[in-house]
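Visitor: okay, here's the prediction I keep looking at, along with the sequence it came from:
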Amino acid sequence: MKKKIIRSRAPLRLGLAGGGTDVSPYCDSYGGAILNVTINKYAYASLTPRDDGQVVFNSVDLGCQEAFPAGQRVPDDSRLKLHRGVYNRMIAQYTEGRPLAVTVTTHVDAPQGSGLGSSSALVVALVAAFCELLFIPLGEYDMARLAYDIERADLGLAGGRQDQYAATFGGFNFMEFSADERVVVNPLRIRPHVHNELESSILLTFTGQSRESAAIISSQSQSVTAGGASLEAMHQLKIEAGEMKEALLFGSIDRVADILRSGWEAKKRTAATVSTPEVEALFDVVMRNGAKAGKLSGAGGGGFAMFIVDPDVRPYLQTIIAEKTTARPMVCNLLVEGVTTWTSAG
């Protein structure tokens, strides 16, 4: 008899405004605001029960597999730390430490360091799959908060608060962050013609450089603590999140481009490592050939760039980027669906 397989997928996201204001110490002291939207790139997880007393982690895209006895905590030297963090927390919190023999298989549609929130989306996908397997009825806020706690507290990984909530809720969301880890997610009802026009205006481009966000986030945190121009830039980013919400609700794509452009300039003032000479060279080519605005997604330093372009110009810009740079242009769809789970007969 074939074993039932629990599958899940959680969407990656684009940050449209307010990036960085969800990171401590800024949001603890001043409150943060983010506007993001999920896209049709995903983190996937599958859970297959085993009868040999083993727990097996298999990351298809990383080409890494590990096996451990199911009756003990997976040790900290496991190379697949996200798998380990979720498994250990779910076993400790929801099975009272009882062994769970299972194969945990994952893959993600974007490389590590993409700036699309891929690590957090993978944690959300894993949490959702375990909830389905163990019949744990978590709501959206509880699931996102659990994923956040696993990454930030259990594993000690630096980062903000938006990614887990974006992957869980899905769609266009205006998020507010304050002290004591308080998060409020405000889903936006974007009219279909605005959704379609924005989707047709976005050109994603992989810079070819993955980056480690922790170092950039640490630099930004130090700058915020020191005050001055970096802190003022963070204040501007928070204000622009509210302005981006209004631009989308009123359907002004040109205004979206203006805020995106201003936000990118402010973001670069938060830390010297946000941009690189290679990124600036890419932006120079794209902007000179007709893009309205652009920014790096996530903390910066590399990963994916997002440009706002005239939909009729987008095919031309894809060709220009492919011919004149080493970056890889692509289009995406904007999603309204968050994490989902289902069962396969194998």
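Guide: On my side now, so go ahead.
Visitor: who does the strand or helix carrying residue 38 pair up with?
Guide: Residue 38 is located in strand 32-49, with elements delineated by DSSP states H and E. Partners of strand 32-49 in the sheet, by DSSP bridges, are strand 5-17 (antiparallel), strand 102-108 (antiparallel), strand 172-178 (antiparallel), strand 334-335 (antiparallel).
Visitor: any idea how far the last one is from the chain center?
Guide: Here the centre of mass of C-alpha atoms in strand 334-335, compared against the chain's by CA atoms, centre = their mean, to the nearest Å, lies 14 Å away.
Visitor: now do the strands in the stretch 201-346 of the chain.
Guide: 202-206, 293-296, 304-308, 328-330, 334-335, 340-344 (DSSP state E, counting those that start in this stretch).
Visitor: so which of those comes closest to residue 73?
Guide: strand 340-344 (24.9 Å; CB to CB). In this view, the C-beta of every residue, glycine as well, is placed from N, C-alpha and C.
Visitor: what's in contact with that closest one?
Guide: 4, 5, 6, 7, 8, 9, 46, 128, 129, 131, 132 (CB atoms under 8 Å, 6 or more residues apart in numbering).
Visitor: filter those residues to the buried ones?
Guide: Among the contacts of strand 340-344, those scoring as buried are 5, 6, 7, 8, 9, 46, 128, 129, 131, 132 (criterion: 16 or more other CB atoms under 10 Å).
Visitor: would you mind measuring from the fifth one to residue 120?
Guide: Taking CB to CB, to the nearest Å as the measure, residue 9 falls 14 Å from residue 120.
Visitor: now do residue 44
Guide: From residue 44 to residue 120 the distance is 14 Å (CB to CB).
Visitor: same deal with residue 269?
Guide: Distance from residue 269 to residue 120, by CB to CB: 25 Å.
Visitor: how about residue 175?
Guide: In terms of CB to CB, residue 175 sits 13 Å off from residue 120.
Visitor: also residue 40?
Guide: Distance from residue 40 to residue 120, by CB to CB: 17 Å.
Visitor: neighbour count winner among the two?
Guide: residue 120 (31 against 14; other CB atoms under 10 Å).
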